[in-house]
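Visitor: only geometry, no sequence info:
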Ligand code: SF4
């Protein structure tokens, strides 16, 4: 059976051909991560008929049959153009003018969407729809849910017809390039470029930089991407080459020098002692995982609001006492906030000092919960007010280990402090290694088979637990450092 390139594949290809090739060769499937949003987009125009075929070729044939039969509202249309199948949510033909609607779970319009609109235009045109209008539906950030969702209220409509028209040939030609890429057995030789970091760091970044000296320009802290890329293009990649680079700040050069000299951790004992003495018992270590559903799951919520679905909590009641662990993970429901909030209040001892790593996020989550559940507002606000930030000693350089490579993220700090402890290694986790993967896994949990859901839950629990266990261990090291 022929493998067609879909809209998602085309979009990934626009970001980077190498990313597209790696995904295709690794059989990464582009599942619809928000079927609820797709269903609402398809309901933007009421009535009509829906294409039901699953196979892309059959889906395209069914679409053409409906058009031939004079249907004017067709849901889930698809149009094949060469080796690409351009999918959309609705085809609406009114007074002979075809309008194609497509949607995406994104907060902002991106350039890649215009190229995708160009592809849809070219595909619709080649399948007999003359001068189609191409409209994109994106959830409005300001939409606030009140009861059932009206798609007309939820979506902002962007008319991309002009962009699609001007990009249609380019998009078509690029789709042919992707077809050739797909057929090739050689990984495309793409250098590191801006899209490796846009919209986030590409999952293949380590793979694509494996041939560079380590550490390298991409590890220099607080240096903007454009400058990094410029230096990379100039061949200034290794720390040796960057050691005296004038565009770097003194702090960045210090990071490089300390790393090259393999210097011991630098500790500002006075400041670190002050930080440690601001903590008290019972001492809790808290970490949330959350997701941002494009369709607000409850009244009063907006698209992409943070919905916490999991926490891990380590507790030490008294100095020298045992470390206990509590955790919560929702079953996959779209709005588990109430159960999570009540469990949190009962799990955290009254008056406890709560350590988070980068407390801004944990404080915001607890504040939102307090605002939403008025009967437990007081204990939640007390928890929020008692949150302290374990990132501070690293952010303020009270403790700096060159192995952190200028970063104060827990994912840099923990392995630098415990380089040989497999129990504290994020690399040894299976499947879920960061918050984005956790969010994505949770969003699919309700649709998985029981066996697969069980496996995902195990990975989520282990990942979140490592964050708080890591904090316990980091605190131990900081205390040792001031002895
Ligand atoms: S890291 Fe960059 S070059 Fe490599 S696959 Fe990702 S986007 Fe492409």
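Guide: Nice, thanks for sending it over. As the structure is a computational prediction, the values presented were derived from the model and not from experiment.
Visitor: same question for the worst-scoring helix or strand of the chain on mean pLDDT: list its buried residues.
Guide: Each helix and strand of the chain was given a mean pLDDT (mean pLDDT, DSSP states H and E); the minimum falls on helix 435-445 at a mean of 89. Neighbour counts over helix 435-445 (16 or more other Cβ atoms under 10 Å) mark 435, 437, 438, 439, 441, 442, 443, 445 as buried. Just so you know, the C-beta spots here come from the backbone N, C-alpha and C atoms, and that holds for glycine as well.
Visitor: pull the most distant pair out of these.
Guide: Distance extremes for the buried residues of helix 435-445: the farthest pair is 435 and 445 at 15.5 Å, using Cβ to Cβ.
Visitor: related to what we said a few turns ago, name the residues that touch the least confident helix or strand of the chain?
Guide: The list of residues contacting helix 435-445 from outside it, by Cβ atoms under 8 Å, 6 or more residues apart in numbering, reads 31, 33-34, 200, 289-293, 309-310, 330-332, 431-432, 453, 456-457, 459-460, 463-464.
Visitor: again with stretch 250-267
Guide: 215, 220-223, 239-240, 242-245, 248, 397-403, 405-406, 481-482.
Visitor: cool, stretch 312-327 as well?
Guide: 281-287, 310-311, 344, 347-349, 352, 461, 464-465, 467-469, 471-472.
Visitor: buried among the residues you listed? Make that a PyMOL selection.
Guide: In PyMOL, this line selects whichever of those come out buried by 16+ other Cβ under 10 Å:
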select buried, resi 281+282+283+284+285+286+287+310+311+344+347+348+352+461+464+465+467+468+469+471+472
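Visitor: does residue 429 touch residue 463 like I think?
Guide: Yes - between residue 429 and residue 463 a contact is recorded at 5.7 Å, counting by Cβ atoms under 8 Å.
Visitor: so these two - more neighbours on which side?
Guide: The residue with more neighbours, out of residue 429 and residue 463, is residue 463; 24 against 14, by other Cβ atoms under 10 Å.
Visitor: related to what we said a few turns ago, ok, the buried residues of helix 435-445 vs residue 98, which is closest?
Guide: residue 443 (32.7 Å).
Visitor: can you pull the residues of the chain lying near the ligand?
Guide: 16, 18, 19, 22, 190, 192, 195, 196, 202, 204, 205, 208 (Cβ under 6 Å from any ligand atom).
Visitor: of the residues you listed, keep whichever come out buried.
Guide: Of the residues of the chain next to the ligand, these count as buried by 16+ other Cβ under 10 Å: 16, 18, 19, 22, 192, 196, 202, 204, 208.
Visitor: wasn't the third one part of a helix?
Guide: Yes - checked against DSSP: H, G, I helix; E, B strand; the rest coil, residue 19 lies within a helix.
Visitor: with adjacent residues omitted, what lies nearest to residue 92?
Guide: Of all residues not flanking residue 92 in the chain, residue 99 sits nearest, at 4.7 Å (Cβ to Cβ, 6 or more residues apart in numbering).
Visitor: so residue 91, which of the three states?
Guide: Per three-state DSSP, residue 91 ends up strand.
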